[in-house]
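1. Return atomic coordinates for the entry below.
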Amino acid sequence: MMKHRARGEDALPSLAALRRRGAPIVMITAYDYPAGRIAEQAGADVVLVGDSAAMTVLGYSSTREVSVDELLVLTRAVRRAVRNIPVVGDLPFGSYEGSDELAVASARRFVDEAGCDAVKLEGAGDMVARVRAIIDAGIPVVGHVGLLPQSVTSPDGYRARGREVDQALAIIADASALEVAGCAAVVVEAVPSEIGTLIAERLTVPVIGIGAGAATDGQVLVYHDLLGYGEGRAAKFVRRYADAHEEFVGAVRRWGADVRNRSFPAVEEGYRIDSAVLDAVKRKL
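-> Residues are numbered from 1 along each chain as shown. I've put the predicted structure just below:
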């Protein structure tokens, strides 16, 4: 099948260059200044300020509850940290679906107020018009197909997509439609590896997988998931590289014990005052 040549192919040039060289793209989420610094220092190629912050940072039960204003606060913090690689801002649920005008206005806020290099939104179909409108306004867009977390309304909705013929074909068609619309890249989430491969073979823009197999042009994971920074069951596609939650709990527990047994702070962890000054203070008291 002939591959489409899309307007968005070089909208994020560093990612397009990596794809042309066959170098896997490393995308990671970040939601604050320290995470942004860690992502860049660790050599990530692109940072996504994902709406997953709703659950990982803000304690909501789903991504559908976070607002534009809340995500902008987090995105500005990440942008202050990340200086040399692209930052992509996730448009939250309700900020783009209603009209082209709403989608463009929301996207402009992420670019103008938070310094994003691109925005991401979920779905194709009716959302293709939103993608075109945002791109026509001069803002690069990253698409998202497969499992669409903003469409999930119950815990059992976080299931892989594309296991049936019609659904698999629809996801492949959605990815192609987003490329034709001008997306700079497409995220593919929670589909069979073989479907991820078919999508990567058909698109000329970078295809970044999350639970979509190893044949995509890159991978993205949630910062908190790969660090084990948080609680709850991890998705099948998560590989944990640390156990930060238990490490942090243990550190705070050890500090609390030192406070209670009065071994913290030690003498060397306090400030000193000249004895003559102290005597003068006491006299005046």
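
2. my guess is R132 meets L178, correct?
-> No - using C-beta atoms under 8 Å, R132 is not in contact with L178, being 10.1 Å away. Every residue, glycine included, has its C-beta placed from N, CA and C.

3. Same drill for the two, tell me which one is more crowded.
-> L178 (29 against 18; other C-beta atoms under 10 Å).

4. Retrieve the pLDDT associated with that one.
-> Per-residue pLDDT puts L178 at 98.

5. Now do whichever helix or strand H245 is part of: everything it contacts.
-> H245 is part of helix 244-260, with elements assigned from DSSP states H and E. Applying C-beta atoms under 8 Å, 6 or more residues apart in numbering, the external contacts of helix 244-260 come out as 227-231, 264.

6. and the helix or strand that that helix is followed by, what's its mean pLDDT?
-> Scanning forward in sequence from helix 244-260 by DSSP H and E, the next helix or strand is helix 275-284. Per-residue pLDDT over helix 275-284 has a mean of 97.

7. And for stretch 127-138?
-> Average pLDDT, stretch 127-138: 98.

8. ok, residues contacting it?
-> The contact list for stretch 127-138 (C-beta under 8 Å, 6+ apart) reads 7-8, 11, 96-97, 100-101, 103-104, 107-108, 119, 121, 141, 143, 177-178, 181-183.

9. all helices for the stretch 51-200 of the chain, in order.
-> Using DSSP state H, counting those that start in this stretch, the helices found in the stretch 51-200 of the chain span residues 53-56, 68-81, 100-112, 127-136, 165-181, 193-202.

10. just those: most buried one?
-> Most buried of the helices of the stretch 51-200 of the chain, by mean neighbour count (mean count of other C-beta atoms under 10 Å): helix 53-56, with a mean of 23.

11. Kindly spell out which helices and strands sit in contact with it.
-> Counting contacts by 3 or more C-beta pairs under 8 Å, 6 or more residues apart in numbering; DSSP states H and E, helix 53-56 is packed against helix 68-81.

12. CA atoms only: put the helix it packs on into PDB for me.
-> Provided in PDB are the C-alpha atoms of helix 68-81 (Å, rounded to 0.1, in the frame of the first residue of the first chain):
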ATOM      1  CA  VAL A  68      -7.700  22.900  31.000                       C
ATOM      2  CA  ASP A  69      -6.600  25.300  33.800                       C
ATOM      3  CA  GLU A  70      -5.300  22.400  36.000                       C
ATOM      4  CA  LEU A  71      -3.300  20.900  33.100                       C
ATOM      5  CA  LEU A  72      -1.900  24.300  32.100                       C
ATOM      6  CA  VAL A  73      -0.400  24.700  35.600                       C
ATOM      7  CA  LEU A  74       1.400  21.300  35.200                       C
ATOM      8  CA  THR A  75       2.400  22.000  31.600                       C
ATOM      9  CA  ARG A  76       4.000  25.300  32.400                       C
ATOM     10  CA  ALA A  77       6.000  23.600  35.200                       C
ATOM     11  CA  VAL A  78       7.200  21.000  32.700                       C
ATOM     12  CA  ARG A  79       8.000  23.500  30.100                       C
ATOM     13  CA  ARG A  80      10.200  25.500  32.500                       C
ATOM     14  CA  ALA A  81      12.200  22.300  33.100                       C
END
